[in-house]
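Starting from these lines, generate the structure:
(2 chains)
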Amino acid sequence: MNRRRRLPLLVSALTAAAVLALTGCGDGSTVVDKTEGADLVIYSGRNETLVKGLLDDLAKETGVKVGVRYATSAELAAQLLEEGDGTQADLFFSQDAGALGALAAAGRLDPLDASVVGKVQDGFADKSNRWVGTSARARVIAYDPRKAPEVEQMTTIDAVLDPKYKGRVGFAPTNASWQAFVTTLRVTRGEDQAKAWLEKFKANEPKAYDNNIVALDGVEKGEVALALINHYYWYERVAEKGAAAVTSKLHFLHGDDPGALINVAGVGILKGTDQKAAALKAVEYLLGPKAQAYFASKTFEYPVVEGAEVPSDLPPLKELDGLALDLNRLESLDKTLELLDEVGLS
Amino acid sequence: MVRAVEAGDRVGRILLRPSTIELVGRSLGLVVVVTGLCLVIGVGVAALVTRTSLPGRRWVGALAALPLAVPSYVAAFAWIAAVPWARGFVGAAIVLTLCTYPYVLLPVAAAMRGVDPAQEEVARSLGRGPWRTFWSVTVRQTWPAAASGALLVALYTLSDFGAVSLLQYDVFTRAIHTSYRASFDRTPAAVLSLLLVVLTVLIALGERRSRRGLEQARIGSGVSRRSDRIRLGRWAAAFSSVAVLAVLGLALVFPVASLLYWFATGLSAGIDAGRLVTSAGTTILFAVLGALVTMALAVPVGVLVARYRSRTSSAIELAAWAGHALPGIVVALALVFFGVRVAQPIYQRTPLLLIAYAVLFLPAGVGAVRAAVAMSSPRVEEVARSLGSSPLDVLRRVTLPLAAPGIAAGTALVVLTIMKELPATLLLRPTGANTLATSLWTETGVAAYAAAAPYALALVVLAVAPTLWLMHAQGRLAATEDL
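Just a heads-up that it's a prediction; the model follows:
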C-alpha cells in the first residue's frame, strides 16, 4: 500500500528541486541568458582561455557591452550558416581563415571599410574586405638538436620525406593547422603532386599524435626526432616550463614553401547586424596596438598590423610570407579530407 | 532530415562511397564488441554480487555502478595520457566498455535480486547443476533487464563522440563531425546521420525481438523469497575478487586517480573557484530542469508502449530511440535550424536547450518507465477496472505508483546523462552560461589538462549523486515485483 504514496512524494520532491533551481536563477546566482544585456554578440571560435582577457579589455575600453559565445570555429560557422539571417551574432571571431572563407562564400559577411583592412599587412585579409586577420601563426618544424641537428639546414618540407626519418616524424592528423598545410600543398602544387607527397609521407611511417602539444611532447621525450607543429606551441612551452627545461628547437622553412604556411585568426561582421557601429569599434580594437600586443605577448602569435612589435626571437613575418596564398582557398578543406582519406592519413 | 531529402542524387553517391560502408562496419564492430563485453562484465558482476558469497560484495555492488559518473571523454583522456598505445579500436572498446557496463549491471543486479527462486529450485530438483541452472534459468529470467541495458550501451556507443575522437577511432559520429568541420556543407553529415538513425532503429528492433515471449511479471500468490547464495570455493572466490577488483580499478580508480594527479599538478596555478561554482550550479540547473521536461514526455510514452501495444506506439518508441543515436551536434544544429525560424524568442535560451535534452535523452527515460510498467502485472490494473475505476483513475492510482521506481530511475539516468552532455549544450546554451562540461572543454581546448582537472573532478563528484539514486531506484524496482 505504501507504494501508492511514493509517486506524489517523488513528484513533490522534483517540483521542489525545480523551484529551487528556478529561484536560483532568479537570484542571478547562475549565469543565464546574458544575451539580453549585451549590445554586441560575438561568436568566438577562439578558445575562451586564450581570448577572454582580450575581449574583457575590449568591452572596457570601447564601452560596448559584449556577450560572447564560445565553441569551435567550425561548429560556429555551421551554426551561423544554419541561422542565416536570423542570427543574433554581430561578429565572428574565428581561429582560422577557412571558416571565415566559408561564411564569406555563402554571402554571410558584410564587407569592412578598406581603411580598416588596410592596416593589416598584405595577404592577411580577404581581398574583397569581407574579413580581416587579427593575428598570425606559422607552421614550423620542432626538432631535437641532438638527434637531428641537420633540420636546421632544411629549406623545404620535402626534406622530411627522406627515408632516414622513417618512424621519426611526429604530426597531428586531426589538427586543423596540419589540414590547412595539406590544403596549401594541394593549392600550390596541384592535386597529383600533393597526393604523391602524402603517399611518400605515409610510407615513411610518421607517428600520429592527438594534437600539436602532444606532438611537441613527443620530441621532448625523444619518441620522435622532429614534429610538424605551429610556432606558438613551442613558445607556450618555454613560457610554462622555462627555456632551460625545453630541449627541442624550432626551425622555420623558406617562406615560399608550403611547409611554412602562415595562417591567421580573424574577424568578420555578420550581414544584417543591427550593431554595425559597435562591431566596427570591436574590429578596430582588435587591430589596435593593445590587442596586437596582447597576441604577441599572451598567445605568442604574430601581430599582423604594420608596425606592431614582434616578439624579439621570432623571425619577422615578412621574411616568412613568400607563398602569396589567398587564404580564402583554405576553405576547400573537404577536398583535403577526401585526399587524406584516400591516402589513409586521416 | 530535410537536408538529406533536398540533396537527392548526392545521397546515393555518399551512401555508396566505400568509406561509408567501411564506416558502417567499423561502427557496428565497436558496438558489438562493447555491448558483448558489457554484457559479460555487467551480468558477471551482478551475479557475483547478488548470488554468491563474494567477500565484500556490498561494497562491490555500490562501487561497481560508479563508473557511470565518469564521462567517457574524461576516461578516454586518462587512458591516452597514461597508455599512449591504447588508441583506435582497442582503446575505444576498452574505454566505452568501462564507462557503460553499469547500464547492464544495474538492471540485471536488480532483476537478480528480485527474481523468484522457485523456478531455479525446480530446475535444481530436476537434476540440473548450479551452473546450468544459472545459465538456463537465471540468465533467461533476467534477460529483459540485460537486453534493455545492452540497448543503452549499444546506443551510447553509436552516439558517443568524445571518447572515439580522443582515441582516434573513426566511426559515424567522428565522420559526421569531420564533415561539418571540413566542408561546412551539411549534406554528407545529414546523410550519415540518417544512416545512423536506421542502424539505431535496427538495433532497437533487435532488442525488442530478443525480449519477445519472456514473461516479465511474476503472477502467483505469496511473497517471493530471496535466492540462496552460491558458496564460492577458495579459488573461485580469489579469482572472482581479482576480476572484480580489476574492473573497478580500471573503470573507477584509474580515471579518478589520473584526475587527482592533474588536479594536484594544477593546484600551483590556482583554481578559478568562482567559475567552478557557477559551472556546477548551471550544470545542476540544466540537468534537473532537462530531466523534468524529458520525464514529462517519457512517462506517457513509456506507459503507452508497455501497455497499449500498437503500430503507433511502436513507431513513437522507435522515433524516440532515433533521437538518442544522433550525435549531439546533429540534434543541436537541427534545433538551431528550427529555433531560428520557428522559435526565435527561445533560441539560445534555456527552454530550447531543455527541448534538445528531451530529444536526446527521451529513450533513456522511456526505457526505464517501460521496464517498470512491464514488470508490474496488468492483472492488477484489470482488477482495478473491474472494481469500477475509470481508465484515468487506474493510471493515476495503480499504474503510475507501480511505475514510480522506474520513473525515479529514469529521472536519475537522464540527470546523469545531461550533466555529461557537451555538443548540444555548447551550441544552444544561453550566451555566457557555462556548465562543467563546457568549462572542461574550454580548458582541454588549449590542452591545459591540469586546469581542466577540477571541472572533471567536480563533474564526477556531482554525477555520483544521481548514480546512487539510480542504484537505489533500481533496487526498489526489483522490489515492486513482489506485489
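
What strand or helix carries the residue of the stretch 151-300 of chain A at minimum distance from chain B?
The nearest approach of the stretch 151-300 of chain A to chain B comes at residue A:213, 4.3 Å away (C-beta to the nearest C-beta). Any C-beta I mention is one placed from the backbone N, CA and C, and that applies to glycine too. Counting by DSSP states H and E, the secondary-structure element that holds residue A:213 is helix A:212-220.

same for that helix, what does it pack against?
Using 3 or more C-beta pairs under 8 Å, 6 or more residues apart in numbering or on different chains; DSSP states H and E as the contact test, the elements touching helix A:212-220 are strand A:132-143, strand A:169-171, strand A:226-230, helix A:231-241.

Output the ones you listed in CSV; the columns should cover mean neighbour count and mean pLDDT.
Below are the helices and strands packed on helix A:212-220 laid out as CSV (neighbours: other C-beta atoms under 10 Å in any protein chain shown; pLDDT from 0 to 100):
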stretch, mean neighbour count, mean pLDDT
strand A:132-143, 25, 93
strand A:169-171, 23, 94
strand A:226-230, 27, 95
helix A:231-241, 18, 86
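
Next, the angle strand A:226-230 makes with the helix holding residue A:213.
With axes from the mean of the first three to the mean of the last three C-alpha atoms, to 10 degrees as the criterion, the two stretches helix A:212-220 and strand A:226-230 enclose an angle of 150 degrees.

what about the residue of the stretch 151-300 of chain A closest to chain B, how many neighbours?
19 (other C-beta atoms under 10 Å in any protein chain shown).

Same check on residue A:69?
As a burial measure, the neighbour count of residue A:69 was computed by other C-beta under 10 Å and equals 23.

Next, it: secondary structure please.
Assigned with DSSP: H, G, I helix; E, B strand; the rest coil, residue A:69 falls in the strand class.

That one and residue B:431 touch, don't they?
Yes. The pair residue A:69 and residue B:431 passes the contact test of C-beta atoms under 8 Å, sitting 5.0 Å apart.

Give me the distance between the residue of the stretch 151-300 of chain A closest to chain B and residue B:325.
33 Å (C-beta to C-beta, to the nearest Å).

How about the contacts made by the closest residue in space to residue A:229 that isn't next to it in sequence?
The shortest distance from residue A:229 to any non-neighbouring residue, by C-beta to C-beta, 6 or more residues apart in numbering or on different chains, is to residue A:212 (4.3 Å). The contact partners of residue A:212, by C-beta atoms under 8 Å, 6 or more residues apart in numbering or on different chains, come to A:172, A:175, A:177, A:227, A:229, A:230, A:233.

Show the pLDDT at residue A:212.
Each residue has a pLDDT score; the one for residue A:212 is 87.

circling back to that earlier point, if I look at the residue of the stretch 151-300 of chain A closest to chain B, how far off is residue A:147?
In this view, residue A:213 and residue A:147 are 20 Å apart by C-beta to C-beta.

The helix or strand containing residue B:312 packs against which elements?
Assigning secondary structure by DSSP H and E places residue B:312 in helix B:311-325. With contacts defined as 3+ C-beta pairs under 8 Å, 6+ apart, the secondary structure elements packing on helix B:311-325 are helix B:139-159, helix B:186-211, helix B:273-307, helix B:350-375.

hey, which of those is tucked in deepest?
Scoring those by mean neighbour count under mean count of other C-beta atoms under 10 Å in any protein chain shown gives helix B:350-375 as the most buried, with a mean of 26.

so, in contact with chain A or not, that helix?
Yes. Using C-beta under 8 Å from any C-beta of the partner chain, we find that helix B:350-375 touches chain A at residue B:350.
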